[in-house]
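> sequence and predicted structure, then a few things I'm wondering about:
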Amino acid sequence: DTGVSQDPRHKITKRGQNVTFRCDPISEHNRLYWYRQTLGQGPEFLTYFQNEAQLEKSRLLSDRFSAERPKGSFSTLEIQRTEQGDSAMYLCASSQPGQGVEGYTFGSGTRLTVV
Amino acid sequence: DQQVKQNSPSLSVQEGRISILNCDYTNSMFDYFLWYKKYPAEGPTFLISISSIKDKNEDGRFTVFLNKSAKHLSLHIVPSQPGDSAVYFCAASAQDSNYQLIWGAGTKLIIKP
């Protein structure tokens, strides 16, 4: 297992376009998190899945954002009608049952630039 | 409303000396604190943590100190090595938060030869 994988690593899109990112967690990890990190800031929580169930969503996740984890394995994060303010690093993390927050393993992130 | 604050955007330390990174928090419900290290183009990696029932945790060259009354924690790295150059994030979680982490803005540590 090579850890948490995120695809693509970089995405440049025009304002108004839709984008989708993918996260493949470590296979035995049932918890999956999405965070967003803007320049000069720490990561901010977006949403959390336990298996396929989306258990929590931040108010940062506007109606233009949607996340899925259809089979409890990989997850996708879609942003519709992108805005320049969506430019950020989108980080995915996973952890396994019984682990606390120390058990997070982060992917390398997808850097989105909206032009 | 920043619940976790790292007021120093950067810190430069001579190799071999002690690096001290600071973090302040405002939410008294936080009961677990972590430090993460991040290299460019990589995700954050866990470094060391401390529970609110402790005031110190040590792991090799890394020690985290927690002062609950001051709502302050610090990370000490002794001795500092060139490979320690990275961005360090302080993060906190509260019980029953689904392990959601609240992060500081990070401190860029530069170890000078």
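All right, it came through fine.

> what parts of chain A come near chain B?
Residues of chain A that fall close to chain B, judged by CB under 8 Å from any CB of the partner chain: A:4, A:31, A:33, A:35, A:40-45, A:48, A:55-56, A:91, A:93, A:95, A:100-102, A:104-109. The way it works is simple: take the backbone N, C-alpha and C, and place the C-beta from them, glycine included.

> return the subset of those residues lying in strands.
Counting by DSSP state E, the part of the residues of chain A next to chain B found in strands is A:31, A:33, A:35, A:44-45, A:48, A:55-56, A:91, A:93, A:95, A:105-106.

> now do stretch B:92-112: distance to the chain's middle.
Per CA atoms, centre = their mean, to the nearest Å, the displacement of stretch B:92-112 from the mean C-alpha position of its chain is 7 Å.

> next, the buried residues of that stretch.
Neighbour-count burial for stretch B:92-112, counted by 16 or more other CB atoms under 10 Å in any protein chain shown, picks out B:92-94, B:97, B:99-107, B:109, B:111.

> out of the residues you listed, name the ones that lie in strands.
Mapping the buried residues of stretch B:92-112 onto strands (DSSP E) picks out B:Ala92, B:Ser93, B:Ala94, B:Ile102, B:Trp103, B:Thr107, B:Leu109, B:Ile111.

> contact partners for the fourth one?
It stands for B:Ile102. A:Phe45, B:Gln3, B:Val4, B:Asn27, B:Phe30, B:Ala91, B:Ala92, B:Ser93 (CB atoms under 8 Å, 6 or more residues apart in numbering or on different chains).

> which members of those are classed as buried?
Listed as buried from these are A:Phe45, B:Val4, B:Phe30, B:Ala91, B:Ala92, B:Ser93; burial here means 16+ other CB under 10 Å.

> what is the nearest of those to B:Glu15?
Closest approach to B:Glu15 among the buried ones among the contacts of B:Ile102 (CB to CB): B:Ala91, at 26.8 Å.
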